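> Next comes the sequence, and after it the predicted model I'd like to discuss.
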Amino acid sequence: MEEDTTGITSFHAHIYFDTASRDVAARVREGLGSRFEVRLGRWHDLPIGPHPKAMYQVAFLPDQFSHVVPWLMLNRQGLDILIHPETGDDVADHTEHSLWLGEKLDLNIEFLRRIRTT
């Protein structure tokens, strides 16, 4: 069954980093903020929610996808990045509908399942 893409309200990119790569993550963040119409989320220096590493989120509208994602592909500077749509189904968005740049990290999907049922 084909899914309708008009249900995608936005996209999120989660930029993962550790202590050694925080400065690199800051440069990527600066590049995103200066080049694109994106909303830069807070820095999370510890794992949060389903995310296994420190990260920050970048939100952008569907019309920015073709600009933001190629730029990340070429300028991620070795960082691991999760990109997913926002459709209202957090579990599917973070698993079935996601794409990874770099290493695919193990997300805590059970966290998403628990918040879906509350």
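Yep, that arrived. These figures come from a predicted structure and were not determined experimentally. Numbering: from 1, shown residues only.
> low-confidence ranges in the chain?
Low-confidence segments of the chain, defined by pLDDT under 70, span residues 116-118.
> what's the biggest helix by length in it packed up against?
Ranked by residue count and defined by DSSP state H, the top helix of the chain is helix 22-35. If contacts are counted by 3 or more C-beta pairs under 8 Å, 6 or more residues apart in numbering; DSSP states H and E, helix 22-35 sits against strand 10-17, strand 39-44, strand 54-60, helix 65-75. To be clear about C-beta, it is placed using only N, CA and C from the backbone, and glycine gets the same treatment.
> change it to 7 Å
Applying 3 or more C-beta pairs under 7 Å, 6 or more residues apart in numbering; DSSP states H and E, one finds that helix 22-35 contacts strand 10-17, strand 39-44, helix 65-75.
> Now do that helix: everything it contacts.
Applying C-beta atoms under 7 Å, 6 or more residues apart in numbering, the contact partners of helix 22-35 are 15, 17, 38, 40, 56, 58, 71, 75-79.
> Dump the helices and strands packed on helix 22-35 to TSV, plus mean neighbour count and distance to residue 104.
Formatted as TSV, those follow (neighbours: other C-beta atoms under 10 Å; distance: least, C-beta to C-beta, whole Å):
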stretch	mean neighbour count	distance to residue 104
strand 10-17	21	11
strand 39-44	14	19
helix 65-75	14	15
